[in-house]
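Chemist: Based on what follows, work out the 3D shape:
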Amino acid sequence: MARDIAALRNIARAPRAYGRLHMIVNPGLPAARNETARAREQDLEGRDFQAASRKPSFKPSNLSRDQVIHMKISFNIAENGAGSYRFLAILRWVMVVIFVSFGMQKFTLQSAQGIVQFISNSPFISWLSAFGLRGEAYFLGVAELGIAVLLVAGAFSPVLSAIGSLMGMVTFAITWSFFFTTPGVVVWSWSTDPMAWNLAGEFIFKDIVLLCVCTVLFLASLPQSVVRSRSS
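Modeler: Residues are numbered from 1 along each chain as shown. Down below sits the predicted model:
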């Protein structure tokens, strides 16, 4: 009998390397001793459950406050988003081509002469006239080429992506305003043709589309706390 009791104690003290330890119930022992063995097994099972419940979970609520703040304030590269956001890369590189071509044209005499009427009548950039005919065109050309560089770098740096697209928004918002500030571009009347455009008006009015493209790129580059609808 003493030998059986010692065997039961050794089994209870044995390390549980794999799985769950089950106590051996000896049918030859009295019922009281078998009941003690069963109670010991239930106690070990309870300890297993408590140990499992104390395992660390990986829920977002267990993230540190600094990690959560970083996720909320970090900028994003538009085309690195999930799903259809990757197709925004097409918009980025189209805008790069547009700004490079527009910027290069500003260094020609023909382009400088063509934009002088828009600049001189604009309440936003008429101050560029102080640089002269070629100077104001050079200024705009450098600015447009700089935006193109920012958009290219924005494919790798989310902050530069936001800055470049924001500058593009400002650029096309100003050029679209030429539709309303430049005399002769559009003629308003109460006739059957209330808004008559010339070719310059048609060319300028399309800038509202380019403005929207830059706006989409800008919003897609902002932190999630600003634009919560962006997919992660």
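Chemist: Where do the strands of this protein begin and end?
Modeler: Under the criterion DSSP state E, the chain carries strands at the ranges 186-188, 195-197.
Chemist: Number of residues surrounding residue 122?
Modeler: Other residues within reach of residue 122, judged by other CB atoms under 10 Å, total 19. C-beta: built from backbone N, CA, C; applies to glycine.
Chemist: Setting aside sequence neighbours, what's the nearest residue to it?
Modeler: Taking CB to CB, 6 or more residues apart in numbering, and ignoring the residues beside it in sequence, residue 122 has residue 181 as its nearest neighbour in space, at 5.3 Å.
Chemist: before we move on, back to that, tell me, which of the strands of the chain is the model least confident about?
Modeler: Ranked by mean pLDDT, these end with strand 195-197 at the bottom, a mean of 65.
Chemist: Touching, residue 176 and residue 205? I think so.
Modeler: Yes: Residue 176 is within contact range of residue 205, at 7.3 Å (criterion: CB atoms under 8 Å).
Chemist: Point out where this protein drops to low pLDDT.
Modeler: Counting by pLDDT under 70, the chain contains low-confidence ranges at 1-74, 77-85, 188-197, 224-232.
Chemist: Can you give me the neighbour number for residue 92?
Modeler: Using other CB under 10 Å, residue 92 has 24 neighbouring residues.
Chemist: right, and it touches residue 155 too?
Modeler: Yes: counting by CB under 8 Å, residue 92 touches residue 155, with 6.4 Å between them.
Chemist: and residue 90, how many neighbours does it have?
Modeler: 10.
Chemist: measure it to residue 213 for me?
Modeler: Distance of residue 90 to residue 213, given as CB to CB, to the nearest Å: 10 Å.
Chemist: Residue 121 too?
Modeler: The spacing between residue 121 and residue 213, counted by CB to CB, is 26 Å.
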